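Chemist: Task: produce atomic coordinates for the following.
(2 chains)
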Amino acid sequence: KAGVTQTPRYLIKTRGQQVTLSCSPISGHRSVSWYQQTPGQGLQFLFEYFSETQRNKGNFPGRFSGRQFSNSRSEMNVSTLELGDSALYLCASSLEGGAYTGELFFGEGSRLTVL
Amino acid sequence: GESVGLHLPTLSVQEGDNSIINCAYSNSASDYFIWYKQESGKGPQFIIDIRSNMDKRQGQRVTVLLNKTVKHLSLQIAATQPGDSAVYFCAENAPWGNQGGKLIFGQGTELSVKP
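Modeler: Here you go, the predicted model:
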């Protein structure tokens, strides 16, 4: 069974640009969550999607957005990039998500560097 | 705001010894807790979970203890091996509501196993 796949693995952008990251969950998983990981702030929840609907959202500005497609694949977008957006962006999938998140399966992340 | 913190940022142990990693959480309403292991260049990997109606749960070489009175969580690794070297995160599930269904991660503890 294939794991969670994230693309691209590495990318470099400049301030003001935008970026789109992609996540393919494990087959059959309907919940996809996104996290930002930085040395200073650790792992922070961005948002969760379930059946193409954003179900939960973390405390990030509106520049961070996402969506989920009918096949459960998800994308997140960051517009008007800032230096502080440099981070490892992790996608995680689970069967149902929800109150008892259960076992989240993480991808290896997309490492974004903003210059 | 809510936070999950770790008492020790680094822990160095001798191979074969037992390791104990501690975590404090702040939301008394959290009802589900998970420990993750993250190796360099990889996404977090599920180790063990525990629900708030339990105070102890055992897995293979790992035990999680939950003390709701003092809002403390610990991970015990028996007979620590070099392959256990990684960063360990605790995470709590915020209850349903406007912040429901998301995991709040601690800052992480780096475990180093000396051969």
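
Chemist: what are the ranges of the helices in chain B?
Modeler: For chain B, applying DSSP state H gives no helices.

Chemist: The residue in it positioned nearest to chain A: how many residues sit nearby?
Modeler: At 3.2 Å from chain A, residue B:43 is the closest residue in chain B, using C-beta to the nearest C-beta. Placement of C-beta: from N, CA and C, glycine included. Residue B:43 has 22 neighbouring residues, counting by other C-beta atoms under 10 Å in any protein chain shown.

Chemist: Can you tell me the closest non-neighbouring residue to it?
Modeler: residue A:106 (3.2 Å; C-beta to C-beta, 6 or more residues apart in numbering or on different chains).

Chemist: quick one: average confidence on stretch A:14-32?
Modeler: With pLDDT averaged residue by residue, stretch A:14-32 scores 96.

Chemist: Could you tell me the end-to-end distance of that stretch?
Modeler: By C-alpha to C-alpha, to the nearest Å, the extent of stretch A:14-32 from end to end equals 27 Å.

Chemist: ok now it, how far from the chain's centre?
Modeler: Offset of stretch A:14-32 from its chain centre (C-alpha atoms, centre = their mean, to the nearest Å): 5 Å.

Chemist: before we move on, what about stretch A:51-63?
Modeler: For stretch A:51-63, the distance to the chain centre is 10 Å (C-alpha atoms, centre = their mean).

Chemist: Need the CA coordinates for that stretch. CSV is fine.
Modeler: Backbone C-alpha positions of stretch A:51-63 (Å, rounded to 0.1, in the frame of the first residue of the first chain) are rendered in CSV as follows:
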residue,chain,number,x,y,z
SER,A,51,-14.7,14.9,1.6
GLU,A,52,-13.7,18.1,-0.2
THR,A,53,-14.6,20.3,2.7
GLN,A,54,-12.4,22.2,5.1
ARG,A,55,-13.4,20.9,8.5
ASN,A,56,-10.8,22.5,10.8
LYS,A,57,-8.5,25.4,10.5
GLY,A,58,-5.5,26.6,12.5
ASN,A,59,-4.3,30.1,13.3
PHE,A,60,-2.7,31.0,10.0
PRO,A,61,-3.3,34.1,7.9
GLY,A,62,-5.5,34.0,4.8
ARG,A,63,-2.5,33.7,2.6
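
Chemist: How about the backbone phi and psi for the residue nearest to residue B:43?
Modeler: Main-chain torsions, residue A:106, degrees, to the nearest 10: phi -90, psi 150.

Chemist: before we move on, the earlier item: what separates the residue of chain B closest to chain A from residue A:9, distance-wise?
Modeler: According to C-beta to C-beta, to the nearest Å, residue B:43 and residue A:9 sit 11 Å apart.

Chemist: what is in contact with the two at once?
Modeler: Taking C-beta atoms under 8 Å, 6 or more residues apart in numbering or on different chains as the contact rule, residue B:43 and residue A:9 both touch A:108, A:109.

Chemist: May I have the beta-bridge partners of whichever residue of chain A sits closest to chain B?
Modeler: Per C-beta to the nearest C-beta, residue A:106 is where chain A lies closest to chain B, at 3.2 Å. Going by DSSP bridges, residue A:106 is paired in beta bridges with residue A:92.
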